[in-house]
Each structure stands twice: as C-alpha cells, then as structure tokens.
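Enquirer: how would this look folded up:
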Amino acid sequence: MQQKLLAGLLLLVPMAAQAATLDGASLSLLWGLPFAAILLSIALFPMFAESIWHHHFGKIVAVFTLAFLLPFVSWFGIEAMLGLLAHALLTEYLPFLILLLTLYTLSGGILLTGRLHATPALNTRILALGALLAPVMGTTGAAMLLIRPLLRANKGRHHKVHVVVFFIFLVANIGGGLTPLGDPPLFLGFLNGVSFQWTFRHMLAPVLVAVALLLAMFYFLDRHYFRKERQQHPTHGPDEPLRLSGRINLLLLMFAICAVLLSGVWKPGIELSLFGVHLPLQDMVRDAMLLLLTGLSLWLTPRWVRAGNEFNWHPIAEVAKLFAGIFITIAPVIAMLRAGHAGPLASLSRLVTLPSGQPHDPAYFWMTGLLSSFLDNAPTYLVFFNMAAGDAHILMGRLSSTLQAISMGAVFMGAMTYIGNAPNFMIKSIASHHRVRMPSFFAYLGWSCTFLLPVFVLLTLLFF
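Expert: Residues are numbered from 1 along each chain as shown. Predicted coordinates for the structure are as follows:
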C-alpha cells in the first residue's frame, strides 16, 4: 500500500458492536449514504479537485461523519452512540492506527542511498526484494524505502514508466498479502480475530503465483525496452555503492513483529473493562509496545536520515482522518450486511451467494476486488468480511476459502487503480517529482487491465 495505505479520530461506530446494537433488517439504505459519500470523495476528489481535497479533506470527511452522527443520536439516543464510539475507538480504530504509525515511522528511519544502473535483472531483483519486504514492513514502508533508489537507478533510462507501474503492482500491493503487517485489510482481519498463521498459510500460494507471474512479465517487458535503448546509451558512469543508514530501525521492526505475534498467541484471559468495552491484556500490551518502539525510533534515528527520505507526517495524518470517518459511518452498512437476505442489501448478498445458500467464492473474490479497485481496500474488506459471516472462527473454519477470496480480492485488486491502496498515489507523486511521465488515472487502469486481469483470471481458476 493504499495504501496505502492509503486524521481526526473516529467518533463512533465499531465493527463488532455496531452489528450487535443495530438491527440491520430494519434500517433504511439512507443510513449508508454518509459512508458511500466518504468513499466516493476519496475516489473522485483527488482526480477532479486535487487542490481542494489536499487542503480540506479533513473537513469534507467531518461533514459526512456528522451527517451520520447527528441523525443517529436523534434516532437511537446518546447512550447508544457513546457505546458504539467507545467500542470503535478502543478496539478497532486505535489499534489500526497505532500499527500504521509504527510501521510508517520505523520505515521512514531507514535510508538506502547510492546508485546502481538499471538492467532488466537489477530491476527485477529490486521488485522481488520489495515484494519480500512488504509483508514485514508493510506495503507503504517497503515502497517508501525502495522507490527512490529504484528511480535513481533508472534515471538514464528512456523507458521507465513500466518500472514504476510494476513497482505499484508488486511492492505497494500484492507483496503485502502474506501477513497482517503487510496490508491494512489483513490487519483489520487480524483485529477481528483472523490469526496471523491463517493469513500466512492461506495467502502464501496465491501471493507466490501472482508475484512470480508478474516478475516474469516485467523481466521480459523491461528486457525489450532495454535492448531498444542500448544503442542510444551504450555506456554509463560508474555505480555508486549502496549504503544503508538507520539500521537501528531494522531491530525495532523485528520487535514490532514480535509484538503483533505476541498478541495473537498469548491469551492470558485477563481483560480491562473501560466504558463498557472489554480490552484483552494482550492487545493493550501490543499497542503499548508499538508506541514505545515508535518513540524509540524517533529518538534514535538521526534527523538527516529522515530528511533523506523526505519524511513528514502528512500521509499518516491523512490516513487517520479518513479512517476516522470510515470506521464511524460504516456501522449501519455492517449491520445491514449481517442481516443478509433479510436486510436492505439483500441483492448484494445474493450476488455472492449460491442457490444452496453457500458463499460463491469466485464472486467474493471479484466483488471484493472490484470495489477495492475504486474504493479503499480496507473498508471494502470489512464489508465483505461481515457479509460472509462476520465471525473469524467460522471464516477460518468451514468458510476458509471464502475468507481467502475476500483477502485476495482486497489486497491484489487494490493495485488496479491509483486509489485502490494508499501507497499507489504516493508512489505516483514521487515518480512524477523525479520527472517520470506517469500515466493518467485511466491510462494506468489500461496497464493494470492488460497485466493484472489475466493473472486474476488464472488465480480464480487455480484457487476457486
């Protein structure tokens, strides 16, 4: 990543409590309009009113959030709203934001300098390295670490748009599909009970297949362009040795991984009740450790290292504000989805359900992917997670293939457009700053349809 990754705080609506509190079958579709408005704003404003969005996205999200909160308080009462707010803030939003903050801060403290001259083999190795790092550092972290060295290596190449496009495919999206650390949708699944081990086991094969196919496509495409350019640029200057600075953050990153793993395997059975919300001890320890590691990174990393990465807080602030509104306004949508055929979203439910009543896994893969392509993939994952069952134990058990389809669709097809995952647009901006003539929104969509759709069709045949 969106993609990142793709910030106020959420004011309401949790995932689990909301469905338990709201009767989705009795809700009107009008309750879902603020959520849809936020997602459409994320998709359309950066394309058609980028300056307005850049300066006022927080206000825009706040308006739509209030458009949900005020009627909700009037209809259901202040106590219901406060209960949902407490649950969402303490069990969903803050853990999600803390992990992103930690990975963003740690990766921003690792600087790779120097310059190699790009060949098809070198470019392919860099993309492969990024795909390997994405599950550990997150798609945003791996992308921000490698995109500038990759652009420096290809500075003398005439044809390099395809290099950045495939970097978005592999490093900012598909490579992150192995762990909950890799991409925000999978971490939201982790927060909702999907185990770290389940994600790795069930995503390993599809990630390996997709990465191998795309690396092969890239190598032959890059070799084609490289051969055309060799006569124009027969020689180049000496390479500049690569140098890695901020190594302390690699150690801190290992501790961050251990903290997340700890919360998944250590179950002491101790809970703290706060504002009616039950907070497991292991989750509180995980979040405290992540915040401590973030502080240590800021303290121990030299300022010039972050300056070399052009590090700033704007991306994480944007994520925080956007997801505040998303986590709040998604509440009635989750409730309606959990109502299944009895709810107002029954037609959507029927699209992904077989006549026997069982989930139709290919439909889940493509529907989750389609919406992840044009909306943010994290809330899209939550929508279909709750539509399928909303219970991690059921989804990891008899509906395991359905959860795999949802996970693959959200992570993989976030690469289809610039707005599918937060890191996509960040990479485009950095490449444009380095004078790479990046394709427009629809031209990029042409690239992704050409190279990604055949891979996704093959994955459908292989796994569903």
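Enquirer: give me the phi and psi for Gly325.
Expert: With angles defined as degrees, to the nearest 10, Gly325 sits at phi -70, psi -40.
Enquirer: which residues are in contact with stretch 282-292?
Expert: With CB atoms under 8 Å, 6 or more residues apart in numbering as the contact definition, stretch 282-292 has outside contacts at 91, 94-95, 98-99, 101-102, 255-256, 259-260, 262-263, 266-268, 272. The C-beta positions use only the backbone N, C-alpha and C, and glycine is treated the same way.
Enquirer: so how far is Pro379 from Leu30?
Expert: Applying CB to CB, to the nearest Å, the value for Leu30 to Pro379 is 19 Å.
Enquirer: and what of Ala288?
Expert: Between Ala288 and Pro379 the computed distance is 27 Å (CB to CB).
Enquirer: neighbour count winner among the two?
Expert: Higher neighbour count among Ala288 and Pro379: Pro379, with 27 against 12, using other CB atoms under 10 Å.
Enquirer: so who does the more buried one touch?
Expert: Each residue near Pro379 by CB under 8 Å, 6+ apart is listed here: Phe35, Leu39, Ile326, Ile330.
Enquirer: could you do Leu399 as well?
Expert: Residues in contact with Leu399 (CB under 8 Å, 6+ apart) are Pro359, Ala388, Ala389.
Enquirer: just give me the neighbour total for the second one.
Expert: Residues contacting Ala388 under the criterion other CB under 10 Å number 24.
Enquirer: that one and Ser400 touch, don't they?
Expert: No: counting by CB atoms under 8 Å, no contact exists between Ala388 and Ser400, whose distance comes to 10.8 Å.
Enquirer: list the contacts of Met203.
Expert: Gly177, Leu178, Leu186, Gln404, Ser407, Met408, Val411 are the contacts of Met203 under CB under 8 Å, 6+ apart.
Enquirer: now Leu132. Nearest residue, chain neighbours left out?
Expert: Take Leu132 and drop its neighbours on the chain: the residue closest to it by CB to CB, 6 or more residues apart in numbering is Gly175, 7.1 Å away.
Enquirer: which pLDDT value belongs to the one you found?
Expert: Reading off the confidence values, Gly175 has pLDDT 95.
Enquirer: surely it and Ala212 touch.
Expert: No: at 11.7 Å, Gly175 does not count as touching Ala212 under the criterion of CB under 8 Å.
Enquirer: shouldn't Pro280 be in contact with Glu271?
Expert: Yes: checked against CB under 8 Å, the pair Pro280 and Glu271 is within contact range at 5.5 Å.
Enquirer: of these two, who's got more company?
Expert: A side-by-side neighbour count of Pro280 and Glu271, using other CB under 10 Å, places Pro280 first with 17 against 14.
Enquirer: identify the residues contacting that one.
Expert: Each residue near Pro280 by CB under 8 Å, 6+ apart is listed here: Lys267, Ile270, Glu271.
Enquirer: show me the shaky parts of the stretch 301-450 of the chain.
Expert: 375-376 (pLDDT under 70).
Enquirer: do the same with the stretch 101-250 of the chain
Expert: Using pLDDT under 70 as the threshold, the predicted model of the stretch 101-250 of the chain has low-confidence ranges 115, 231-240.
Enquirer: okay, strands next: where are they in it?
Expert: In the stretch 101-250 of the chain, the segments counted as strands under DSSP state E, counting those that start in this stretch are 111-115, 240-245.
Enquirer: out of the ones you listed, which one sits most buried?
Expert: Per-stretch averages of neighbours, counted by mean count of other CB atoms under 10 Å, single out strand 111-115 among these, with a mean of 17.
Enquirer: pretty sure Ser273 is in a strand, no?
Expert: Yes: for Ser273, which was evaluated using DSSP: H, G, I helix; E, B strand; the rest coil, the result is membership in a strand.
Enquirer: quick check: the closest residue in space to it that isn't next to it in sequence vs Glu79, distance?
Expert: The shortest distance from Ser273 to any residue that is not its chain neighbour, by CB to CB, 6+ apart, is 7.6 Å, and that residue is Leu279. Between Leu279 and Glu79 the distance is 20 Å, computed by CB to CB.
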